[in-house]
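Novice: Everything below, folded, please.
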Amino acid sequence: MATSNSDPHQGRQLFELFNEIGIINQLASTRFQRALPDGLTLSQFSVLNNFARLGGTRTPAQLAKAFQVTKGAMTNTLKRLDQRGCISITPDPADARSKIVAITEAGLALRERAIEAANVELATVGNLLDPAWVDETLPGLRNLREVLDKARDGE
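Specialist: Reported below is the predicted structural model:
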């Protein structure tokens, strides 16, 4: 559903859409971070969640690109997850200069504990939302995420 960028009304609506998403992200991230167990950070949870959702293995560079952070920032996050036993980092057999990252059973278990803890924290907000509205809104948000993923990847 591509549209022209020359419509000022649409431009304003898109700004308002992303502005609302940004505010929601800030509020939700703060609430979510407070609920995370065992000193887990939001960036660490996000990496675990990415692996749990998508499976497979990735290089640190692929993860940095996916999260749109520097390689140094991703290396720091991965180092902390590795120290906790939540991921494994092994040499890439195809490229000795690179590493392969995978989630471990401990990482999957920590992600599940984090989701359970977050559900308790988020329930106070969830109780204020109409479940039908949530069901209706999720497909549109997933579509927006997919569009933004493709745009990030240059598709």
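
Novice: tell me the contacts of the most centrally placed residue in the chain?
Specialist: Closest residue to the average C-alpha location of the chain: residue 46 at 4.5 Å, with Cα atoms, centre = their mean. Going by Cβ atoms under 8 Å, 6 or more residues apart in numbering, residue 46 touches residue 67. Using the backbone N, CA and C atoms, a C-beta is placed for each residue, glycine as well.

Novice: so how far is residue 20 from it?
Specialist: 21 Å (Cβ to Cβ, to the nearest Å).

Novice: other SSEs contacting the one helix or strand residue 142 maps to?
Specialist: Assigned by DSSP states H and E, residue 142 falls within helix 131-152. Helix 131-152 sits against no helix or strand, with contacts defined as 3 or more Cβ pairs under 8 Å, 6 or more residues apart in numbering; DSSP states H and E.

Novice: In CSV, please show the C-alpha coordinates belonging to that helix.
Specialist: Extracted C-alpha coordinates of helix 131-152, given in CSV (Å, rounded to 0.1, in the frame of the first residue of the first chain):
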residue,chain,number,x,y,z
PRO,A,131,-9.4,-7.6,24.4
ALA,A,132,-11.3,-7.2,21.1
TRP,A,133,-9.3,-4.0,20.4
VAL,A,134,-6.1,-5.8,21.1
ASP,A,135,-7.0,-8.6,18.7
GLU,A,136,-8.0,-6.1,16.0
THR,A,137,-4.9,-4.0,16.5
LEU,A,138,-2.2,-6.7,16.5
PRO,A,139,-2.4,-7.6,12.7
GLY,A,140,-1.9,-3.9,11.7
LEU,A,141,1.1,-3.6,14.1
ARG,A,142,2.6,-6.8,12.7
ASN,A,143,2.1,-5.5,9.2
LEU,A,144,3.9,-2.2,10.1
ARG,A,145,6.8,-4.2,11.7
GLU,A,146,7.1,-6.2,8.5
VAL,A,147,7.2,-3.1,6.3
LEU,A,148,9.8,-1.5,8.6
ASP,A,149,11.9,-4.7,8.6
LYS,A,150,11.8,-4.8,4.8
ALA,A,151,12.7,-1.1,4.6
ARG,A,152,15.6,-1.6,7.0
